[in-house]
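Peer 1: Quick one: sequence plus predicted model below, questions after.
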Amino acid sequence: MTNTTTHTIKDPKVQTIEAVYEAFGRADLDGVLAHLADDVDWAAEASSESAPWYGSYQGKAEVPRWFQALGTSAEITEFTVISLTSNDTDVMAVVRIGYTVRSTGKHVEQNLHHWWRFADGKIVMYRGLDDSELTAAAFAG
């Protein structure tokens, strides 16, 4: 007879990212910022500037500009975390998003890939990847 015991140990970094996503869903910017290092490096991985939130935001004080750009230009209709995985320093996430661009009325549904890096229990880097061509087409008039 084999006795098999399964233990689930949740990575604190994954729990932090879940808390960040929950705060995002509540439009709780302070709840997101609480998990960021003061010198966080926050950016969308896009070679264009077709979406208002594309670009690099250096430091915790600049990150609210990213959220403002997203919130004023798009209405989020879906935000579903599909998968989270982690290693010693990073969390990788796949998220399903749906949004409508306010200026064009065009609706987008796509998967996002988020890369979160941690140091000393805080998020020190975020990179977001999307289908930038699809996003650009939604913003085109």
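Peer 2: Sure thing, it's come through. Not measured: the values here are computed from a predicted model.
Peer 1: same for the helix ranked longest in the chain, what does it pack against?
Peer 2: In the chain, taking DSSP state H as the definition, the longest helix is helix 12-25. Applying 3 or more CB pairs under 8 Å, 6 or more residues apart in numbering; DSSP states H and E, we find helix 12-25 packed against helix 29-33, strand 74-86, strand 90-101, strand 107-119. Where you see a C-beta, it was placed from the backbone N, CA and C, and this is true even at glycine.
Peer 1: ok, residues contacting the third one?
Peer 2: If I follow you right, that is strand 90-101. Residues outside strand 90-101 that contact it (CB atoms under 8 Å, 6 or more residues apart in numbering) are 11, 13-14, 16-17, 21, 73-86, 106-118, 130, 138-139.
Peer 1: residue closest to the middle of the protein?
Peer 2: The chain has residue 114 as the residue nearest its centroid, 5.5 Å off, counting by CA atoms, centre = their mean.
Peer 1: how close does the closest residue to that residue other than its chain neighbours sit to residue 48?
Peer 2: Spatial nearest neighbour of residue 114, excluding adjacent residues (CB to CB, 6 or more residues apart in numbering): residue 93 at 4.3 Å. Look at residue 93 and residue 48: by CB to CB, to the nearest Å, they are 23 Å apart.
Peer 1: what about these two, which has more around it?
Peer 2: Legend: neighbour count by other CB atoms under 10 Å for residue 93 and residue 48, higher for residue 93 (21 against 12).
Peer 1: where does the more buried one sit relative to residue 100, distance-wise?
Peer 2: Distance from residue 93 to residue 100, by CB to CB: 23 Å.
Peer 1: Check the residue nearest to residue 114 and give its pLDDT.
Peer 2: Note for residue 93: predicted pLDDT of 97.
Peer 1: Quick check: the nearest residue to residue 71 once chain neighbours are set aside vs residue 126, distance?
Peer 2: Leaving aside its chain neighbours, residue 71 sits nearest to residue 27 (7.7 Å; criterion: CB to CB, 6+ apart). Here residue 27 is placed at a distance of 18 Å from residue 126 (CB to CB).
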